[in-house]
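Chemist: using only what follows, build the 3D model:
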Amino acid sequence: MNPNDTIRLLILNDSQQEAERLISMLQNAGKPNRAQHVTNADSLAKLLEEQAWDLLIAHEKTQNLAPSDAVQQIRRLNKDVPVLLLSDEEGSQVVVEGLKLGAADVIRLDEDQHLLLVINREMLNRKQRQEKRIADRQFRESERRAQSLLDSSRDAIAYVQDGLYLYANESFAELFAYEDKDDIDCMPIMDMVAERDQKNLKDFIKQFTLKGAGAESSQLKFQGIKQDGSITPIALEVSHATYDDEPCLQFLAKATKLDAVSSEEIEAAKSLDVVTGLYNRSYMMSATDKIIDNISDDQNRALLYIDIDDYTESVQGKFGVSGADAAIADLAQLINKVTKKGELLARFGDNSFTLLTGTTTTSEAVKRATKINAAIAEHIIDIKNVTLQVTASIGVSVINENSSKAETAIEQALDAMEKARASDECTAMLYEPPMSDEERQEKNMIADVRHALDNDMFHLMFQPIISLRGSDEEHYEVLVRLKSGSGEQLPPEQFIDAAIDAGIGGKMDRWIILESIKMLSEHRAQGNHTKLIVNLNRVSVCDESLVPWLGVAFKAAGLSADAIAFQVQERDITNHLNAAKALNNGLDKLGSMLSISNFGCSLNPFNALKHVNAKVIKVDGSFTQDIQSKSESPEGLTQLLGGLHEQEKITIVPFVENASVLSTLWQAGVHYIQGHYLQEPTESMSYDFNMEG
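Modeler: Below you'll find the predicted structure:
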């Protein structure tokens, strides 16, 4: 990136002051920029379509327009605009989430030097992508020129590989009296050689191929067989060549006379559709490629794929084949009347048209497609006093500096057309980039979670936590379970993350808490002194209103606050130290307490305890799993437990799967154990704690 280049910058931030600070910071760092403050989805779409932009910098918690929606809008408009997210949060989790939604990087809000380095990198990456697009266009243009020269050459030219014709031009087809050069494609060359010359030709090709690409061209003569079976003498010049990136042999016969018809007349005839008089498919593809290759960064065009519905049944079935051609010609005239100057309309298939618009926006292109659809639906086709009305479906694809080739634009418009045809709501649609398998699974997961929460479809499971020190208290950990729409049990870590992504992580936790309070109240009413541990996700950790809400919930249920402890994963504690500290203090005042789970996996796990003085610690299950399944030394676990006991923490060790590890845990002074060896999670609090006494 040239340091004097002006950065065309979009800023997505609820704070105008922060946007101005960012602009000033870039200016002071010697990075001139032309910035626009994005306030909502409509303004973003308008800015993206009207101008070219290098970068979008967004705060990850904007309210007016979510960064995920901004990323989707950029993808939808096929723009090459990298998105950088600024975050107030520490830790890797926010980075992972940002990258998953499509951001190029996530930077801490106050780390300006880091941001400047990332901007340099992304600007350089964007420049390289732009240079690659230009090089690709130049390469395709060179290929098209070469192909055009081959197609129009009066010299007879063909390319052969493994005994088959890869390509032959019209002049080569004429050499053997074939009407269409496509008839020769993939034909064995021996089918066009007299039997007496076939062995000599095979030997020649074999020897010439063995000489390699450095071999000089050689002359080849044989008796050829025309399409009608007659014999004609053929003299070819054979050389090594490359066609469509494949090594092959070139057959060349120099022209001896010029056709009386001019090349311009031939080209004009080749570019038109006989039935409608519109341009044909080949011309449309070639013209669209040229448009793509020369489009500027701030230019947006659209390609409309117009397909007549139920063509075979409604049109051909009523008018017959010849009458159907007349109907298509009639529709072509109708669409041509609404075609503007500088636009390109073509008949693309038997019952389809394509319209390449001039400069436009996506919203204008979709409106245009809807109007064309309405015009077609209102139009009456009259063929020899037989009338018919038809409908059409239209797909719209965007053509801009990020477009690669005509084939892709057509495929995208065709995809959008098929979706429009399947839709009950609209007959014209803009192409939307497909979701990845991961995005689709996440979307389905979010839908399952929303549905489950709205319909009380989560269910709670209870796993006993057993004392190794003779305590007579009964403890269970509350575990939440959910089945997908197909009946499959969903992994908790996945649907909890999905709930957080959907913005309902806090709501889900509160549902679990209320259900736990309700079930525990009923259980204790039977004379039990059971206590529960309920897990909280990171949204609840940062929710300042949670503790006051808990106070109201406990009071309403007539349940003592010490009956339930609340458990948070170590990583969420580390990533949200201030919030976790406030939560711990709030629970202490309420009479409840905080437990930390999955403890011991960070580089310095005890650092979190300096800030968050939780009373209960559940170590990470990997310690016991490694001891039991991999026969690893228990030294790491015992040292961790020793450090916790020095701080007078109550310790829980999970994933106890067999009796072999119990003596180690006893000697290490563990207070409580949990695992399938004792009991798997069940739907009721029915474990007999007395048998452990």
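
Chemist: name the helices or strands packed onto the helix or strand where residue 100 lies?
Modeler: Assigned by DSSP states H and E, residue 100 falls within helix 93-101. Helix 93-101 is packed against helix 67-76, strand 83-87, strand 105-108, helix 570-575, with contacts defined by 3 or more C-beta pairs under 8 Å, 6 or more residues apart in numbering; DSSP states H and E. (Glycine included, C-beta is placed from N, CA and C.)

Chemist: kindly recompute the last result at 6 Å.
Modeler: strand 105-108 (3 or more C-beta pairs under 6 Å, 6 or more residues apart in numbering; DSSP states H and E).

Chemist: hey, C-alpha coordinates of stretch 56-74 in CSV?
Modeler: Extracted C-alpha coordinates of stretch 56-74, given in CSV (Å, rounded to 0.1, in the frame of the first residue of the first chain):
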residue,chain,number,x,y,z
LEU,A,56,-15.2,-1.3,6.9
ILE,A,57,-14.3,-0.9,10.6
ALA,A,58,-17.1,-1.9,13.0
HIS,A,59,-17.6,-2.1,16.7
GLU,A,60,-18.8,-5.6,17.5
LYS,A,61,-21.7,-4.5,19.7
THR,A,62,-23.4,-1.9,17.5
GLN,A,63,-27.1,-1.6,18.0
ASN,A,64,-28.2,0.3,14.8
LEU,A,65,-26.8,-2.4,12.5
ALA,A,66,-25.2,-5.6,13.7
PRO,A,67,-21.7,-6.4,12.2
SER,A,68,-23.0,-9.8,11.1
ASP,A,69,-25.7,-8.1,9.0
ALA,A,70,-23.1,-5.7,7.5
VAL,A,71,-20.9,-8.7,6.5
GLN,A,72,-24.0,-10.4,4.9
GLN,A,73,-24.9,-7.2,3.0
ILE,A,74,-21.3,-6.9,1.6
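
Chemist: now tell me what touches that stretch from outside.
Modeler: 10-14, 39-41, 44, 81, 83-87, 101-102 (C-beta atoms under 6 Å, 6 or more residues apart in numbering).

Chemist: could you give the mean pLDDT of that stretch?
Modeler: Mean per-residue pLDDT for stretch 56-74: 90.

Chemist: repeat that for stretch 284-301.
Modeler: 86.

Chemist: 33 is where my numbering starts, stick with that
Modeler: Sure, I'll start numbering at 33, so the last one becomes stretch 316-333.

Chemist: please point out which parts of it sit buried.
Modeler: For stretch 316-333, a neighbour-count test (16 or more other C-beta atoms under 10 Å) marks 316-321, 323-325, 327, 332-333 as buried.

Chemist: so of the residues you listed, which ones are in helices?
Modeler: 316-321, 323-325 (DSSP state H).

Chemist: can you redo those as a markdown table with distance to residue 540?
Modeler: Output for those, formatted as a markdown table (distance: C-beta to C-beta, whole Å):
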| residue | distance to residue 540 |
| --- | --- |
| 316 | 52 |
| 317 | 52 |
| 318 | 56 |
| 319 | 54 |
| 320 | 49 |
| 321 | 51 |
| 323 | 50 |
| 324 | 47 |
| 325 | 51 |
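
Chemist: of those, closest to residue 254?
Modeler: Lowest distance from residue 254 to those (C-beta to C-beta) belongs to residue 318, with 35.4 Å.

Chemist: for residue 437, see how far away the closest one is.
Modeler: 11 Å (C-beta to C-beta, to the nearest Å).

Chemist: got it, and residue 92?
Modeler: For residue 92 relative to residue 437 (C-beta to C-beta), the value is 35 Å.

Chemist: tally of neighbours for residue 38?
Modeler: 11 (other C-beta atoms under 10 Å).

Chemist: which residues are in contact with it?
Modeler: 64, 66.

Chemist: how far is stretch 616-625 from where the chain is centred?
Modeler: 43 Å (C-alpha atoms, centre = their mean, to the nearest Å).

Chemist: what does it rub up against?
Modeler: 579, 583, 593-594, 597, 626, 644, 646-647.

Chemist: for the longest helix seen in the chain, packing partners?
Modeler: In the chain, assigned by DSSP H, the helix with the most residues is helix 144-184. With contacts taken as 3+ C-beta pairs under 6 Å, 6+ apart, helix 144-184 sits against strand 137-140.

Chemist: go again using 8 Å as the cut-off
Modeler: helix 48-60, strand 87-91, strand 115-119, strand 137-140, helix 295-303, helix 313-326.

Chemist: for the stretch of helix or strand residue 204 belongs to, buried residues please.
Modeler: Secondary structure from DSSP H and E places residue 204 in helix 202-207. Buried residues in helix 202-207, defined by neighbour count with 16+ other C-beta under 10 Å: 202-205, 207.

Chemist: of residue 92 and residue 437, which one has the most company?
Modeler: When residue 92 and residue 437 are compared for neighbours, residue 92 comes out ahead with 20 against 16, by other C-beta under 10 Å.

Chemist: what separation is there between that one and residue 45?
Modeler: In terms of C-beta to C-beta, residue 92 sits 10 Å off from residue 45.

Chemist: find the residues that touch each one of these two.
Modeler: Contact criterion C-beta atoms under 8 Å, 6 or more residues apart in numbering; residues shared by residue 92 and residue 45: residue 118.

Chemist: next up, the contacts around residue 429.
Modeler: 334-335, 337, 441-442, 444-445, 448, 462-463.

Chemist: out of these, list just those in strands.
Modeler: 334-335, 337, 462 (DSSP state E).

Chemist: rounded mean pLDDT for stretch 164-178, please.
Modeler: Stretch 164-178 comes out at a mean pLDDT of 79.

Chemist: same check, this time on stretch 646-654
Modeler: 92.

Chemist: got the buried residues for that stretch?
Modeler: For stretch 646-654, burial by neighbour count (16+ other C-beta under 10 Å) applies to 646, 648-654.

Chemist: could you list the low-pLDDT ranges of the stretch 33-182 of the chain?
Modeler: For the stretch 33-182 of the chain, the stretches with pLDDT under 70 are 33-36.

Chemist: out of the contacts of stretch 88-106, which end up buried?
Modeler: 42-45, 76, 113, 115-119, 133-134.

Chemist: possible to save these as CSV with distance to residue 669?
Modeler: Output for these, formatted as CSV (distance: C-beta to C-beta, whole Å):
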residue, distance to residue 669
42, 51
43, 49
44, 47
45, 46
76, 52
113, 50
115, 43
116, 42
117, 38
118, 40
119, 35
133, 37
134, 40
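
Chemist: so which of the residues you listed comes closest to residue 168?
Modeler: residue 113 (19.5 Å).

Chemist: need the three-state assignment for the closest one.
Modeler: coil (DSSP: H, G, I helix; E, B strand; the rest coil).

Chemist: show me the contacts for it.
Modeler: Applying C-beta under 8 Å, 6+ apart, the residues near residue 113 are 42, 80, 85-88, 106.
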